[in-house]
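In: Here's my sequence, what's the structure:
(one chain, ligands or ions: 1)
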Amino acid sequence: MQRATVKRYAVISDIHGNRWALETVLDDIKRKGIERIVNLGDSLYGPLDPRGTAEIIMHLNSFSVLGNEDRLIFTPGEAEPSPTLHRVQKNLGQKHIDWLGEIPVTRTVDDNLFACHASPHSDTEYFFWNICSGGAVLRRHEEMRRMASGIHCPVLLCGHDHVAQSISLQNGLLVVNPGSVGLPAYKDDIPQLHVMQAGSPHTRYAILSQDNAEWTVEHILLEYDWETPAAVAVKNGRQDWASWLRTGKAVVD
Ligand SMILES: [Mn+2]
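Out: Below you'll find the model as predicted:
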């Protein structure tokens, strides 16, 4: 039995409109009896089910922050027009767009968790990774500590790169990326062409437990029916997404 002093949080991120993966993760969280959910954003963007995903998250009791690709949905002129962005905007109703616009960029939960989408001062700069011409290179700890300066919480939560990872920095800060609920790999050209890969198609999230000053993190991966969102991606003209969803791998071509 859990001792009364243990507090548990489920950390989810980068759902990207994958309602099927989200339902699997939320079922697991419910089954485990975890009541606090922190959502690190990029919840809706993509060729899958933005509206169905928004409907679930809007009615979920969670602490959410906004992702860069959530921001593009309600900020005209921010992004290059694309058929996928256009479809997302058409698929959502005004109430979903208004709800997105109200979500804060960062927030502190229970004075202990600092939640942001990518890194504390940017919603696009990876916290863990430096993107070079050769791909993603893990940053030095000094660089990570500099990026986290001014954070006075024991735990920093970052998403955006879709790779589940936890690092305890020498200053005692625990940094957790829960991985992506809905998109296990992708190709991007900002700041230059690179791929990020979870390596398998599972949906992922993290569980954080606090026992007084002691924090424990568990990374969870779950099977779900990834063929269904992959087929939706194909129907909506995104063969690339279908392949990422089915394999958790992406290639630079
Ligand atoms: Mn992002």
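In: Get me the contact residues on this protein for the ion.
Out: 42, 67-68, 160 (C-beta under 5 Å from the ion). (C-beta placed from N, C-alpha, C; glycine too.)
In: Filter the residues you listed down to just the ones in helices.
Out: Secondary structure from DSSP state H places residue 68 of these in helices.
In: what sits opposite the nearest residue in space to residue 153 that is not next to it in sequence in the beta ladder?
Out: Using C-beta to C-beta, 6 or more residues apart in numbering and skipping the chain neighbours, the partner closest in space to residue 153 is residue 114 (4.3 Å). On the basis of DSSP bridges, residue 114 is bridged to residue 108, residue 156.
In: What number of residues are in the vicinity of residue 114?
Out: Residue 114: 23 surrounding residues under other C-beta atoms under 10 Å.
In: The one 3 residues further on too?
Out: Residue 117 has 30 neighbours, counted by other C-beta under 10 Å.
In: Residue 161 now?
Out: 24.
In: wait, what's in contact with the residue of the stretch 1-150 of the chain found nearest the ion?
Out: Here the stretch 1-150 of the chain gets closest to the ion at one residue, residue 42, 4.1 Å apart by C-beta to the ion. Residue 42 makes contact with 13-16, 67-70, 117, 159-160 under the criterion C-beta atoms under 8 Å, 6 or more residues apart in numbering.
In: Tabulate those residues (CSV), appending pLDDT.
Out: Output for the contacts of residue 42, formatted as CSV (pLDDT from 0 to 100):
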residue, pLDDT
13, 98
14, 98
15, 98
16, 98
67, 97
68, 96
69, 95
70, 95
117, 98
159, 98
160, 98
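In: Farthest pair within those residues?
Out: The span of the contacts of residue 42, defined through C-beta to C-beta, is set by 15 and 68 at 14.0 Å.
In: wait, doesn't residue 156 sit right on residue 172?
Out: No. Residue 156 lies out of contact with residue 172 (C-beta atoms under 8 Å); the separation is 11.2 Å.
In: more crowded one of these two?
Out: residue 156 (23 against 8).
In: The more buried one and the ion, how far apart?
Out: Counting by C-beta to the ion, to the nearest Å, the gap from residue 156 to the ion is 16 Å.
In: The lowest-mean-pLDDT helix or strand in the chain pairs with which strands, parallel or anti?
Out: Least confident element among the helices and strands of the chain, by mean pLDDT, DSSP states H and E: strand 135-138 (a mean of 92). Applying DSSP bridges, strand 135-138 is found paired with strand 129-132 (antiparallel).
In: List the buried residues for the partner strand?
Out: By neighbour count on 16 or more other C-beta atoms under 10 Å, the buried set for strand 129-132 is 129, 131.
In: what's in contact with it?
Out: 136-139, 143, 161, 163, 191-192, 194, 196.
In: Let me know how buried the residue in the stretch 151-253 of the chain that the ion sits nearest to is, in neighbour terms.
Out: As assessed by C-beta to the ion, the ion sits closest to residue 160 within the stretch 151-253 of the chain, at 3.9 Å. Other residues near residue 160 come to 28 when the count uses other C-beta under 10 Å.
In: What of residue 75?
Out: Going by other C-beta under 10 Å, the residues that sit close to residue 75 add up to 11.
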